[in-house]
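In: Got a sequence here, can you build the structure:
(chains A and B)
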Amino acid sequence: MTEVASSAEGFPKKVTYCGVCSLPPEYCEFGGTVKKCEEWLKQHHPDMHEKLYSQETIEQNLSTLSLEAQKRAEKDSQKKAAKAASAEAKAQEQRANSKVLIKRVERNKRKYVTAVQGLEAFGLDIKKVAKDFGKKFATGSSVTKVPGGGEEITVQGDLSDDIYEYVVETYKDIPEDNVECIEDKKKKGGG
Amino acid sequence: MFKKDITTGAKSKVKSSAQRGIRAKVLEEYPRLEPYIEEIMPKKEQLDLVKLPDRVSVYTLGSTPLFFQHMDDELLPHLSLVHRYPSCFPRLRIDRGAIRFVLSGATLMVPGLTSLGGRLPNDPEDEEGRYGEEELDAGEVVVIEAEGKENACMVGVLKMGTAEMKKVKKGQAFEAGHYLGDGLWGLNLG
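Out: Numbering: from 1, shown residues only, chains lettered A, B, ... in the order given. Below is the predicted model:
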């Protein structure tokens, strides 16, 4: 291996990452969410923003490419931005449409289990949420498969109201209107 | 390699004997990390091994990924590690035009390195000696930086020696690697 002249720098080097696209800010321009990244940087690291988004730098960046390549790059980045925007809109719509259902299922006359469906639409890892439910309510809690496909969390005991409260409080991403409690009287003899 | 978003598989603790092995291997492959190895993977700390799809595994310390590996190939550094210790790895530089292709996961082609904005070892325009003097051979692990940028944007294995690149000036330069914004980068290790 070769000698490195710059090894005198202090390490580890601290690198700032963009809060929007998670790349180092200098690469934001390739991420498709440039506008948002720029705003974020302006708010959180104004000095860096000045350096990266000054007129001078932008011009310098452009001058290194040929005219044709510039146009292509421009087109490409626009496409990318549009794609990112539409993906976000889609995710938001899905979020608005999907519901979290909390079902109280009668198991054995006075005994109940609570089934929670639809949490995964809000980007939650249901395995982890199941574990949290179990810890919070001190009961058994597991992820079970639903016949129609997909998975739900089954919590032992009648906890529908508690879970409702807990879900609304801990996961701020989920609007309260989208959480619903229903009572399910599924009974197959033998009670 | 990680073009799509990936989900983590099982996470397990690394045996301390295996941990010593990894440490030795890292030092052998990247001797310039020696002064910092104690910061990167302290002897006392417990490393974790996270399995990913396609037989890739990642070694992590707490929630920071350190190295990843496909089957028993070379240990490749995660980009966040490269960002922290940039001068400890052999580096090359690509020109500005190639950045957007690299960041969308394309194979890096040689012209991106040989053109005016790119840098290979022994480049006449490389005054600081930043990119080394020795030619690199195919199969070596190399970090890719970009023209006008401070931080690295890709890690990969060379497919063609740098001496050959200078002669041929076309073709693929890299095996699929790990780039900024790919699945491995966006991985959430909770």
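In: quick one: the residue most central in space within chain B and residue A:161, what's the gap?
Out: For chain B, residue B:155 is the residue whose C-alpha lies nearest the centre (CA atoms, centre = their mean; 2.8 Å). Remark: distance between residue B:155 and residue A:161 (CB to CB, to the nearest Å) = 51 Å. Every residue, glycine included, has its C-beta placed from N, CA and C.
In: and chain B, which of its residues are near chain A?
Out: Proximity of chain B to chain A is confined to B:31-32, B:36, B:39, B:80, B:83-88, B:90, B:95-97, B:99-100, B:103-104, B:117, B:121, B:128-130, B:132-134, B:146-151, B:153, B:180-181, B:185-186, B:190 under the rule CB under 8 Å from any CB of the partner chain.
In: Now restrict those to buried residues only.
Out: Burial by neighbour count, judged by 16 or more other CB atoms under 10 Å in any protein chain shown, picks out B:32, B:36, B:83-88, B:90, B:95-97, B:99-100, B:103, B:117, B:121, B:130, B:132, B:146-147, B:151, B:153, B:180-181, B:185 from those.
In: Check the separation of the first and last residues in stretch B:136-148.
Out: Counting by CA to CA, to the nearest Å, you get 23 Å between the two ends of stretch B:136-148.
In: which residues touch residue A:86?
Out: Residues near residue A:86 by CB atoms under 8 Å, 6 or more residues apart in numbering or on different chains: none.
In: how near is it to residue B:93?
Out: On the measure of CB to CB, residue A:86 and residue B:93 end up 34 Å apart.
In: ok, now residue B:13?
Out: Counting by CB to CB - residue B:13 and residue B:93 are separated by 38 Å.
In: Please identify which of these two sits among more neighbours.
Out: A direct count of neighbours by other CB atoms under 10 Å in any protein chain shown for residue B:13 and residue B:93 places residue B:93 higher, at 24 against 11.
In: From residue B:115, how far out is that one?
Out: Counting by CB to CB, the gap from residue B:93 to residue B:115 is 10 Å.
In: same check, this time on residue A:81
Out: 26 Å.
In: now the strands: where do they sit in chain A?
Out: A:100-108, A:111-117, A:141-145, A:151-156, A:179-184 (DSSP state E).
In: and what of chain B?
Out: With strands called from DSSP E, chain B shows them at B:11-13, B:47-52, B:56-61, B:64-70, B:75-77, B:91-94, B:141-146, B:152-157, B:178-179.
In: Export those strands as CSV, with columns for mean pLDDT.
Out: Output for these, formatted as CSV (pLDDT from 0 to 100):
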stretch, mean pLDDT
strand B:11-13, 87
strand B:47-52, 89
strand B:56-61, 90
strand B:64-70, 89
strand B:75-77, 90
strand B:91-94, 87
strand B:141-146, 88
strand B:152-157, 89
strand B:178-179, 88
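In: Mind checking which residue lies nearest the centre of chain A?
Out: For chain A, the residue nearest the mean C-alpha position is residue A:123 (5.2 Å; CA atoms, centre = their mean).
In: for that residue, phi and psi?
Out: Note on residue A:123: backbone dihedrals following degrees, to the nearest 10 are phi 70, psi 30.
In: Correct me if wrong: it contacts residue A:173.
Out: Yes - between residue A:123 and residue A:173 a contact is recorded at 7.3 Å, counting by CB atoms under 8 Å.
In: Run a quick neighbour tally on residue 74.
Out: With no chain named, the answer covers chain A. 12.
In: To clarify, I was referring to chain B.
Out: Residue B:74: 15 surrounding residues under other CB under 10 Å.
In: hang on, isn't it packed against residue B:26?
Out: No - contact criterion CB under 8 Å: residue B:74 and residue B:26 do not qualify, at 10.2 Å.
In: can you pull out the helices in chain B?
Out: B:16-29, B:37-40, B:79-84, B:96-103, B:111-114, B:162-168 (DSSP state H).
In: swap in chain A?
Out: Going by DSSP H, chain A shows helices at A:34-44, A:46-53, A:55-63, A:67-97, A:126-137, A:160-170.
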